[in-house]
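Peer 1: predicted model and sequence below, questions to follow.
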Protein chains: 2
Amino acid sequence: MASTAASHQPVDFVRPYTTVDVVIFSVLDGALKVLLVQRPASNSEPFPGRWALPGGFVDVAQDSDLQACANRKLREKTNVASPYLEQLGSWGGRSRDPRGWSATHVYFALIAAQPLTLAKGANAADVAWFEVDAICDGPPLAFDHSEILRAAVDRLRGKVEYTSLPAFLLPEPFTLPQLQQVYETVLGRPVDKSGFRTRMLAAQFLHEAGHVEGPSNRPAMGYRLADRSAPVVFPRTFSPRG
Amino acid sequence: MASTAASHQPVDFVRPYTTVDVVIFSVLDGALKVLLVQRPASNSEPFPGRWALPGGFVDVAQDSDLQACANRKLREKTNVASPYLEQLGSWGGRSRDPRGWSATHVYFALIAAQPLTLAKGANAADVAWFEVDAICDGPPLAFDHSEILRAAVDRLRGKVEYTSLPAFLLPEPFTLPQLQQVYETVLGRPVDKSGFRTRMLAAQFLHEAGHVEGPSNRPAMGYRLADRSAPVVFPRTFSPRG
DNA sequence: GCCATAAGTTGCATTGAACAACTTACTAGA
DNA sequence: TCTAGTAAGTTGTTCAATGCAACTTATGGC
């Protein structure tokens, strides 16, 4: 390990590229989707024409910290106000970017389904929602983004088993049957109605917000989140007997 | 977002410093401890004389990826063969290091209690184990390491509630009472013996390894981990009735 | 008015855990 | 060799939460 002489001077280490990527999830048309951007077709950049997670270099002048950078990336692609944003992890190494040693800090965001104003960014030829399950079959994403996406999906599915995360995927107010359906969509299996309701209401994280007319005949109670900053953690997972 | 012209050429962004830090936990003398290094006293480096998490700059020539870098840091301080190593997260921003915008990738490691050959590194004036609970009372660590350590402890305590992580804190073979005591040490509360045994044995992650003479009169069954790569996840947390 | 549909409820069976009392296997020392 | 102490390991009861399934309720449409 080297050290410099002068007081708090820059260090003489080669610095890797530093980027931030965001895995943006939403539930649209009854399926879990992720937002991807298409890389420019020009050969001057790596992985031309390939789909990738939205993200890019940290701008030390603009971003005061990593989370601020992630929020900026999110804002540039979607126009979402206050999504759920959680750090997923970081991926770094010599060979993930042909331009050299790089490290990316990855966040994952949950946003409510909405008529998205998909902004076409300078470095993003196109932006679109992709069904998560379909991506595995398609061509691999740019960089190591396929691996990162898989990690994000695993984390999401894992946490949905024992947290209230899916509530962040719905516009407020939402009904319990709607919330249950999001759980079922993300988990890919049915959930018992009675137990689901008991659990959600016992966790005390929902505030009643008056009846809402849904797709059903009978009006259902609408709810809002008591705390939008973090999900509730349940003491047990859903575990069907079958 | 800017882009360069030539094929896969370096990008013209200012690059933050990139470091890797490791939170190394162990249970010694019946207490949860963390390994810290003392920063050099010279004023040429930030936080002189303060205690910090072991870590340092990524060496792009030496480290093929982040995990390799973390393993190197671990090896430099301890001489541990195959610890449990998990990524905790990353912290980055403008003001955490007076030398400039920096980002650190943090790992946390669990190692078995052992007569540690504490290597004195070039950049580490001293190395020592600290009781985790005592650090909060003492002076703050260098950089944002106090915050990082708190996050690591939270993650560890949280996961211990529903995983077999404490098994990585013991040298093999270990007995169930020993394992239970590690759980109690980390969680800071007693755990029921009967339920504990049922749960551990039902999870099928332990292999019998013959009887071991412990501190007790009656010999206890020794166990080894079936899989040292990852902990087992239990479907429920420990939850005393209180 | 009657029916279809989805919201919401009730009740039973089962599981696993918390708790506590018990038995077992060994050491140490008289 | 006998006896007491200690910690390992077991057994049994209670309790709470859940899975499951059948039920009731509220509404819109015909």
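Peer 2: On my side now, so go ahead. Residues are numbered from 1 along each chain as shown, chains lettered A, B, ... in the order given.

Peer 1: mean confidence for the lengthiest helix in chain A?
Peer 2: Among all segments of chain A classified by DSSP state H, the helix with the greatest residue count is helix A:145-160. The pLDDT scores in helix A:145-160 average 97.

Peer 1: remind me what it packs against, helices and strands.
Peer 2: Taking 3 or more Cβ pairs under 8 Å, 6 or more residues apart in numbering or on different chains; DSSP states H and E as the contact definition, the neighbouring helices and strands of helix A:145-160 are strand A:17-28, strand A:31-38, strand A:84-93, strand A:102-110, helix A:132-135, helix A:176-187. (Each C-beta comes from the backbone N, C-alpha and C, glycine too.)

Peer 1: let's see that with 6 Å instead.
Peer 2: Other elements packing on helix A:145-160 under the criterion 3 or more Cβ pairs under 6 Å, 6 or more residues apart in numbering or on different chains; DSSP states H and E are absent; no helix or strand qualifies.

Peer 1: how about the residues of chain A near DNA strand D?
Peer 2: Where proximity means Cβ under 7 Å from any atom of the strand, the interface of chain A facing DNA strand D comprises A:192-195, A:198-199, A:202, A:211, A:213, A:217-219, A:234-236, A:238-242.

Peer 1: list only buried entries from those.
Peer 2: A:Arg199, A:Phe234, A:Phe238 (16 or more other Cβ atoms under 10 Å in any protein chain shown).

Peer 1: OK, contacts around A:Gln87?
Peer 2: A:Tyr107, B:Gly89 (Cβ atoms under 6 Å, 6 or more residues apart in numbering or on different chains).

Peer 1: now do 10 Å
Peer 2: A:Leu66, A:Gln67, A:Ala70, A:His105, A:Val106, A:Tyr107, A:Phe108, B:Leu88, B:Gly89, B:Ser90, B:Trp91 (Cβ atoms under 10 Å, 6 or more residues apart in numbering or on different chains).

Peer 1: as JSON lines, those residues with pLDDT would be great.
Peer 2: What follows is the contacts of A:Gln87, written out as JSON lines (pLDDT from 0 to 100):
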{"residue": "A:Leu66", "pLDDT": "98"}
{"residue": "A:Gln67", "pLDDT": "97"}
{"residue": "A:Ala70", "pLDDT": "97"}
{"residue": "A:His105", "pLDDT": "98"}
{"residue": "A:Val106", "pLDDT": "98"}
{"residue": "A:Tyr107", "pLDDT": "98"}
{"residue": "A:Phe108", "pLDDT": "96"}
{"residue": "B:Leu88", "pLDDT": "98"}
{"residue": "B:Gly89", "pLDDT": "98"}
{"residue": "B:Ser90", "pLDDT": "98"}
{"residue": "B:Trp91", "pLDDT": "98"}
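
Peer 1: filter those residues down to the buried ones.
Peer 2: The buried subset of those (16+ other Cβ under 10 Å) comprises A:Leu66, A:Gln67, A:Ala70, A:His105, A:Val106, A:Tyr107, A:Phe108, B:Leu88, B:Gly89, B:Ser90, B:Trp91.

Peer 1: against which helices or strands is the helix or strand hosting the third one packed?
Peer 2: Which is A:Ala70. Under the assignment given by DSSP states H and E, the secondary-structure element containing A:Ala70 is helix A:66-77. Packing contacts for helix A:66-77, counted by 3 or more Cβ pairs under 10 Å, 6 or more residues apart in numbering or on different chains; DSSP states H and E, involve strand A:17-28, strand A:31-38, strand A:55-57, strand A:84-93, strand A:102-110, strand B:84-93.

Peer 1: of all those, which one comes closest to DNA strand C?
Peer 2: Each of the helices and strands packed on helix A:66-77 was checked against DNA strand C via Cβ to the nearest atom of the strand, and the shortest separation belongs to strand A:17-28, namely 15.7 Å.

Peer 1: so does the closest one get close to chain B?
Peer 2: Yes - Strand A:17-28 is in contact with chain B by Cβ under 10 Å from any Cβ of the partner chain, via A:Tyr17, A:Thr18, A:Thr19, A:Val20.

Peer 1: please state the offset of that strand from the chain centre?
Peer 2: 6 Å (Cα atoms, centre = their mean, to the nearest Å).

Peer 1: note down every partner strand of it and its orientation.
Peer 2: Sheet pairing for strand A:17-28, assigned by DSSP bridges, gives strand A:31-38 (antiparallel), strand A:55-57 (antiparallel), strand A:102-110 (parallel).

Peer 1: centre of the chain to the last one, how far?
Peer 2: Put plainly, it is strand A:102-110. Averaged C-alpha coordinates place strand A:102-110 at 9 Å from its chain's average position (Cα atoms, centre = their mean).

Peer 1: tell me the angle of it relative to helix A:145-160?
Peer 2: When axes from the mean of the first three to the mean of the last three Cα atoms, to 10 degrees is applied, the directions of strand A:102-110 and helix A:145-160 differ by 40 degrees.

Peer 1: so where is chain A shaky, pLDDT-wise?
Peer 2: A:1-11, A:81-82, A:115-125, A:241-242 (pLDDT under 70).

Peer 1: show me which residues of it are close to DNA strand C?
Peer 2: Residues of chain A lying near DNA strand C by Cβ under 7 Å from any atom of the strand: A:175-178, A:193-194, A:197-198, A:211, A:214-221, A:241.

Peer 1: switch the cut-off to 6 Å
Peer 2: Proximity of chain A to DNA strand C is confined to A:Thr175, A:Leu176, A:Pro177, A:Lys193, A:Ser194, A:Arg197, A:Gly214, A:Ser216, A:Asn217, A:Arg218, A:Ala220, A:Met221 under the rule Cβ under 6 Å from any atom of the strand.

Peer 1: narrow the residues you listed to those in helices?
Peer 2: Checking these against DSSP H, those in helices are A:Leu176, A:Pro177, A:Lys193, A:Ser194, A:Arg197.

Peer 1: what sits against the closest residue to the second one other than its chain neighbours?
Peer 2: Read it as A:Pro177. The spatial neighbour of A:Pro177 that comes closest, neighbours along the chain excluded (Cβ to Cβ, 6 or more residues apart in numbering or on different chains), is A:Ala220 at 6.2 Å. Applying Cβ under 10 Å, 6+ apart to A:Ala220 gives the contacts A:Pro173, A:Phe174, A:Thr175, A:Leu176, A:Pro177, A:Gln178, A:His211, A:Val212, A:Glu213, A:Gly214.
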